[in-house]
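1. can't give you the sequence, but here's the structure:
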């Protein structure tokens, strides 16, 4: 599924570019959920942006393939059409653009890039209604401009709503648990778990182990200074929680 | 974000939301359809034309007046304006720069040779009909019945698609006016101003120049001297005009100026919604457009005036394009009257335009909703004046400026509360959006207040099209231009909702096209 090999990447313009990703290698096979944990500044968010093609993040070496296809040469929207989805740590406000309009435009644009037909309005509305119900989202909220005036929890649930609507192949959840109370966390986790399937891969980026109690990872990787320094099973997350990053990072070094 | 609280409220009580959402989605396709031709109205029509002598003199004015078979009083009125104009100086206070205009290099009258007004639509030269067809303006009533392009976006919209009566002005003359018979039945007078001078001289004489006096300003005075054609509308007491009225202005001939004059009078308790659209061919020289629009609303009357202005803006290097120097003013003469201006300004090389309201009647209301887009080397200095004279008068200003390329976009507005205007209220919101790093946005709000009990609110924001928003949209699958279009549409949404439905679609298309290639 997703294969990252010896990836190096910088952030910032020319002279001031700083290398944040330092030879990162990682493989997430289809059907698996991998967690990436690490202290602040380890490069977690940078990795999510590099994978989705944000400008200002420059790949200086290595490769990333999704189902064997090189994605680094693709525009962000092309990667999206191939099924890459990023649930943002800080979802962005888009004044004046209602959620439904935004998602339908995105969905049809992806379909067009893939050479598929547009979704019909009734089909779209039906699907939206079902997913909103599942995520306990108020239908009125979907008529409001994207993320404008939403609480932290609402924003995160809206990310999951978009994910479920767009049905991506590969999911990156960047600090999805931050700003969520326990009930919202459960709802979000249920949504994510409903997306688990043998064809889908997932990368769950998180600072705390809490989210992983609800979204059980197949593997846990520890990211430090832009590299994976330790990989283990779900229990590694608990060890990190108990011993702290320093203990584990120290052990690896 | 403050501006969005307003959006939310607006949506909640706006039943049209679903329809408008439909428009958003269609926008992108519409833009795609126009992709190959940045300025689709840029063609010119080859037709035999009759011109006045080149340049400006009393003879030119006599020529125009004679062509139009005008009464003596009007010729005298024109000549008085001309003599006044000779003593005036071109204003320089606007934040626009352009080469000095040689007023002797223009033709002040240009008309298709076959005659000024055609008896029936079948007499209109084929070339002219084709011109309007190409622009998507149907002049045959049967076609109008099918609705203006884009009106039937949804089944629901198709059922409700309002009919639109059109007055088509080609250079200096009106060539066709549709639905006149039907409007007459309702008592509504809708004709070119030249015809109105002949057929309803008492009305024209009573109102012409009463809102924008002859000596008002340099360009308005020039217009008073040489005005060619434009539209006259009179809606009698208590009548709600049964359809949208519109005038479509087309500048075709080379080296001509267009100086239309529009006069709309709404008698007591009457209502009319009027729209003007404007296009011109791509030409290398700058062409002058100096129009005057006067609106009069008597007691309890309401006038809704919308503009979609798409004059040729000149090429990327700023060569050619229209100088759009326009004076538009509405007089809320009666108590509880209301005048509302909505403008979408995407064209012209230089725009100098301040549609204003004189709130004379007690409890009268003035509104100004504006979207001004500048790209390339366009310059726009536009805004409004709200002059509060009557008691409890209210005004609302909502301006959205979008600058891209190397353009300059200025909002200039005046809110004036006079001594007698007790408890007057104004709300002003000016938002500017910058696309790229080489354009400018400026906000110049003037306030004159002589009442302690006035309530004045002003909000202004300037934002750059954010990299965060662009990336967010692209991550979801939108292409870059599509993402810009969506963000811009969101930015101007509150104003678009003020436009009649079918024109909102048209306006969105224009926005897309005007901003093409503005990022990256």
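-> All right, it came through fine. Nothing here was measured: the structure is a model prediction, and the numbers come from that model.
2. okay, CA-based contacts and neighbour counts for the rest of this
-> Noted.
3. and the helices in chain A?
-> Along chain A, the stretches classed as helices by DSSP state H are A:44-52, A:76-81, A:99-113, A:121-134, A:152-166, A:182-195, A:235-252.
4. closest to chain B out of the ones you listed?
-> Smallest distance to chain B across those (CA to the nearest CA): 4.1 Å, for helix A:76-81.
5. and the gap between residue B:490 and chain A?
-> Relative to chain A, residue B:490 is positioned 4 Å away (CA to the nearest CA, to the nearest Å).
6. any idea how many residues pack against residue 56?
-> I went with chain A, as the question did not name one. By the measure other CA atoms under 10 Å in any protein chain shown, the count of residues near residue A:56 is 14.
7. meant chain B, my bad for not saying
-> Using other CA under 10 Å, residue B:56 has 19 neighbouring residues.
8. which of the three states applies to it?
-> Put simply, residue B:56 is coil when judged by DSSP: H, G, I helix; E, B strand; the rest coil.
9. end-to-end on stretch B:473-487?
-> 9 Å (CA to CA, to the nearest Å).
10. can you pull the residues of the stretch 1-150 of chain A lying near chain B?
-> Applying CA under 8 Å from any CA of the partner chain, we find that the stretch 1-150 of chain A lies next to chain B at A:52, A:54, A:76-81, A:85-86, A:91-98, A:101, A:103-107, A:109-110, A:144-145, A:148-149.
11. show me what contacts residue B:221?
-> B:81, B:82, B:84, B:85, B:214, B:215 (CA atoms under 8 Å, 6 or more residues apart in numbering or on different chains).
12. tell me, how many residues neighbour the nearest residue to the third one once chain neighbours are set aside?
-> Spelled out, it's residue B:84. Distances taken as CA to CA, 6 or more residues apart in numbering or on different chains place residue B:215 nearest to residue B:84, at 6.9 Å, with adjacent residues excluded. By the criterion of other CA under 10 Å, residue B:215 has 18 neighbours.
13. need phi/psi at residue B:215.
-> Residue B:215 adopts backbone torsions of phi -90, psi 10, taken as degrees, to the nearest 10.
14. separation between it and residue B:223?
-> 10 Å.
15. kindly report the same for residue B:310.
-> Relative to residue B:223, and taking CA to CA, residue B:310 is found at 20 Å.
16. nearest spatial neighbour of residue B:456, chain-adjacent residues omitted?
-> residue B:426 (4.9 Å).
17. whatever helix or strand the one you found lives in pairs with which strands, parallel or anti?
-> Here residue B:426 sits within strand B:425-434, counting by DSSP states H and E. Strand B:425-434 pairs in its sheet with strand B:394-403 (parallel), strand B:455-464 (parallel), by DSSP bridges.
18. need the next SSE after the first one, C-terminal direction.
-> It refers to strand B:394-403. With elements assigned by DSSP H and E, the helix or strand that comes after strand B:394-403 is strand B:408-417.
19. what packs against that following strand?
-> Under the contact definition 3 or more CA pairs under 8 Å, 6 or more residues apart in numbering or on different chains; DSSP states H and E, strand B:408-417 sits against strand B:365-374, strand B:379-382, strand B:385-388, strand B:394-403, strand B:440-449.
20. neighbours of residue B:203, how many?
-> 14.
21. in the host helix or strand of it, what counts as buried?
-> For residue B:203, the element it lies in under DSSP H and E is helix B:201-207. Buried residues in helix B:201-207, counted by 16 or more other CA atoms under 10 Å in any protein chain shown: B:201, B:204, B:207.
22. quick one: pLDDT of the last one?
-> Looking at residue B:207, its pLDDT reads 96.
23. and it, how far from chain A?
-> Look at residue B:207 and chain A: by CA to the nearest CA, they are 41 Å apart.
24. show me what contacts that residue?
-> The neighbourhood of residue B:207, defined by CA under 8 Å, 6+ apart, consists of B:263, B:265, B:296.
25. from those, which is closest to residue B:56?
-> residue B:263 (24.1 Å; CA to CA).
26. low-scoring stretches of the chain, by residue?
-> Defaulting to chain A. Residues of chain A meeting the criterion pLDDT under 70: A:251-253.
27. actually chain B
-> Residues of chain B that meet the cut-off, pLDDT under 70, sit at B:1-44, B:46-47, B:112-125, B:127-129, B:131-164, B:171-176, B:251-255, B:278-284, B:502, B:517-520.
28. give me the most central residue, it.
-> Centroid-nearest residue in chain B, with CA atoms, centre = their mean: residue B:307, separated by 3.0 Å.
29. hang on, it packs against residue B:275?
-> Yes - at 5.6 Å, residue B:307 counts as touching residue B:275 under the criterion of CA atoms under 8 Å.
30. one step back: okay, and the beta partners of the residue nearest to the centre of chain B?
-> Here residue B:307, judged by DSSP bridges, has bridge partners residue B:276, residue B:343.
31. contacting residues around it?
-> For residue B:307, the contacting residues are B:275, B:276, B:277, B:342, B:343, B:344, B:345, by CA under 8 Å, 6+ apart.
32. redo that, cut-off 6 Å
-> B:275, B:276, B:343 (CA atoms under 6 Å, 6 or more residues apart in numbering or on different chains).
33. so which of these is the most crowded?
-> Highest neighbour count within these, by other CA under 10 Å: residue B:343, with 25 neighbours.
34. that residue reaches residue B:370, doesn't it?
-> Yes - the criterion here is CA atoms under 6 Å, and residue B:343 meets it with residue B:370 at 4.8 Å.
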